[in-house]
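1. Model the following, please.
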Amino acid sequence: QAQVLQSGGGSVQPGETLKLSCKISGFGIDYRGVGWFRRAPGKAREAIGCIAIGGDTYYVDSVKGRFTLSVDRAASEVFLQMANLRPDDTAVYYCAASKWNLPGTSENVYDSWGQGVQVTVSS
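-> The predicted model follows:
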């Protein structure tokens with residue numbers, strides 16, 4: 001399994017922007033895709049989107065146009081930039097590594113998970 005280390009997160013006001021980072025050991029060697037998920041209070045974990053090592057991305061409708069995934073191959077790092085944040089974006093955010101190129105939204109294709117970071121959006 002890969003080592004997955006997340007950073008970023010915090011508390012922001014509605015409409016603000018936040019950027020999360022996910023560093024994956026072996027990215028580009030054994031692992032070629034990264035997915036992002038979140039768990040809001042009292043809800044099941046849900047997928048946000050995913051990115052392939054080549055930069056192809058997929059987003060779920062609820063974040064499309066507000067969230068942007070990017071990859072720094074040299075640093076084995078993936079970023080999730082979240083703009084125009086809303087209170088209902090409050091959740092613990094997770095990234096996960098997959099050996100698939102554009103893994104999709106099923107948790108079954110991810111075998112290495114980050115520790116999760118808290119994002120709170122509140123006025």
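2. For residue 101, give me its contacts.
-> Taking CB atoms under 8 Å, 6 or more residues apart in numbering, we find residue 101 in contact with 32, 33, 52, 53, 54, 56. C-beta: built from backbone N, CA, C; applies to glycine.
3. residue nearest the centroid of this protein?
-> Central residue of the chain (CA atoms, centre = their mean): residue 36, 3.0 Å from the mean position.
4. hmm, back to that, could you tell me which of the contacts of residue 101 count as buried?
-> Neighbour counting by 16 or more other CB atoms under 10 Å classes 32, 33, 52, 53 among the contacts of residue 101 as buried.
5. ok so, going back, next up, identify which helix or strand the closest residue to the residue nearest to the centre of the chain other than its chain neighbours is on.
-> Excluding its sequence neighbours, the residue lying closest to residue 36 (CB to CB, 6 or more residues apart in numbering) is residue 48, at 4.3 Å. Residue 48 belongs to strand 46-52 when assigned by DSSP states H and E.
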